[in-house]
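>>> model the following, please.
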Amino acid sequence: MKAVIGLAAAAIAVLTAGGIQAALPGASTGPDPSEGKATQVRVTAVVDGDTLRIEDLGGRELGRVRLLGIDAPEVAHPPAPAECYADQATDLLEELAPVGSTVQLVTDSGQPDRDRYDRLLRYVDHAGVDVAQELLARGAARRYEAAEDLAREESYSAAADDAQDADSGLWGTC
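Predicted coordinates:
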């Protein structure tokens, strides 16, 4: 009986300290206090310049994830044509988070879990690179102005400003 109570107390402590999902295998807390849990997933498709399809490492489809803090040009949605630099942004996301690769999704406690299209909203890190920050730095995306109080705001704004000042990517093309 004491062992069961001890286990229950430990589970409550984990759930209270880090949320239910922090107790899941593969989950950890991020380095920034406003960053929440980090979970490893596999990329199954690149939808456009700021959206991926993912599955857990066991192969269970998890749906779509939208990279927090950025807005890449829209791909074609007939009858609307693709926006300027949409193909290049999509290609760059495919390079930074290739299909079949394992990436780390990181929550931001100051942001909603999902957007209006039911996509997960997450930071995406691959091979030590913040994918959204790299898209911004190369001029393949703009800052998503509706996203306020991001844990990574300072680095995202700096990357976007530098790309715009240098006319990189879409800034020099569109």
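>>> Asp149: what secondary structure?
coil (DSSP: H, G, I helix; E, B strand; the rest coil).
>>> residues contacting it?
When contacts are counted by CB atoms under 8 Å, 6 or more residues apart in numbering, Asp149 touches Ser34, Gly110, Gln111. All C-beta spots, glycine's among them, are computed from the backbone N, C-alpha and C.
>>> the strands in the chain, which residues?
Counting by DSSP state E, the chain has strands at residues 28-29, 35-48, 51-55, 61-67, 70-71, 102-108, 120-126, 129-130, 142-143.
>>> and those: which comes nearest Pro81?
Shortest distance between Pro81 and those, using CB to CB, is found for strand 35-48: 13.7 Å.
>>> show me what the closest one is packed against.
Packing partners of strand 35-48 (3 or more CB pairs under 8 Å, 6 or more residues apart in numbering; DSSP states H and E): strand 28-29, strand 51-55, strand 61-67, helix 86-96, strand 102-108.
>>> low-scoring stretches of the chain, by residue?
By pLDDT under 70, the weakly predicted segments of the chain are 1-33, 147.
>>> mind running it again at 50?
Low-confidence segments of the chain, defined by pLDDT under 50: 1-31.
>>> test my guess that Leu135 contacts Asp50.
Yes - using CB atoms under 8 Å, Leu135 makes contact with Asp50 at a distance of 7.4 Å.
>>> got any residues that touch both of these two?
Leu67, Ile70, Ala72, Ala89, Leu93, Ala141.
>>> any idea how far the fifth one lies from Glu154?
Summarising the geometry, the distance separating Leu93 from Glu154, computed by CB to CB, to the nearest Å, is 22 Å.
>>> which one of the helices and strands packed on strand 35-48 lies closest to Ala80?
Among these, helix 86-96 comes nearest to Ala80, with 10.8 Å by CB to CB.
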